[in-house]
Each structure stands twice: as structure tokens, then as C-alpha cells.
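J.: Compute the structure for the input listed below.
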Amino acid sequence: MRPFQLSLCLCLIIGTGWCAHPSGPDRPVSGGSGSSTAQQHTEGVAGQITNEDGSAVEGASVLAAPLDPGGPAIPEIAIVSYAMGRYQWPLRAGRYSITVVADGYQRGSKEVAVKAAEITTLDFVLARDRRTHALSPTIREL
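T.: Now for the predicted structure:
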């Protein structure tokens, strides 16, 4: 077996090393469901999304847009809040506009400055979308 083939085979078998973990500025910084990568980040934003009553809003879409000229690339398009309305997103140091969108609620947006090696807490309280709520029939109306 040639040296290159041997090293490729070993890398694939072991599952570690440079070939198993791409590096670079555009590499995804959080994994899919079941991955613990997103929970190991050391800088970014994390928080909780609730409604006006204090109830968690699970399944809300969280979007980020860099505000700094030539700001860092954001590998994911959006993330989704999970249990208890919590979310966490590893983002590189910089300024961002964070927007939260959820069915039946008004959109919420805030600006945040992420510092190197820090997790910035950014909570959202979403107001019910009165237009959507008014159009949803109740049991009495049916």
C-alpha cells in the first residue's frame, strides 16, 4: 500500500486528524441534532425566548446578520430554539443583529456585541401577533 493510501485509510478508520475535521473560517461551528459541538462553544450568544406571559417559545427561528463591515461569515442560515425556549449560537467576536421569528408572535430584533472568548446572554420576550391571534378561531367561535 502506498504511504498516501495508508494515511488516508488510517485517518478514515480512526476518525480524527486533519481530514476528519475541516478547518478554516467557513467551517460550521455547530453540529446537527444530537451533536454536542454547539454546547461546547466559548464565544457567541445564548439566551431564552419567552412570550409576554413568561412561557417558553420553542421552535422559534433565530437569525444573525453581521453589522461590522466585512464581518465574520455565519455558517448556519438560522438556528431553532429548543427546550424551554433556549438557544445558543457560536458566533465569532463582532457586532450582530439577532432576529427571532416564531409563528403567532411579532418578530423581535436586537443588536449585540460578541466579545472574544465570551458567551453573551441575549433574551427575547415576544409579543403575540394580534393579527394572527384575532384570525385564529376559538372553540366557542366554531
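
J.: mind listing the helices for this structure?
T.: Per DSSP state H, the chain carries helices over the ranges 3-14, 130-135.

J.: averaging pLDDT over each of these, which comes out lowest?
T.: Within the helices of the chain, the stretch with the lowest mean pLDDT is helix 3-14, showing a mean of 36.

J.: Pull up the gap between the residue lying closest to Q88 once chain neighbours are set aside and G104, please.
T.: In space, Q88 comes closest to A46 once its chain neighbours are excluded; the distance is 3.9 Å by C-beta to C-beta, 6 or more residues apart in numbering. Just so you know, the C-beta spots here come from the backbone N, C-alpha and C atoms, and that holds for glycine as well. As for A46, its distance to G104 is 24 Å (criterion: C-beta to C-beta, to the nearest Å).

J.: Now for the residue nearest to R86 when sequence neighbours are not counted, how many residues are close by?
T.: Excluding its sequence neighbours, the residue lying closest to R86 (C-beta to C-beta, 6+ apart) is Q48, at 5.3 Å. If you count neighbours by other C-beta atoms under 10 Å, Q48 ends up with 16.

J.: ok, Q48 - contacts?
T.: When the contact criterion is C-beta atoms under 8 Å, 6 or more residues apart in numbering, the partners of Q48 are 56, 84-87, 123-124.
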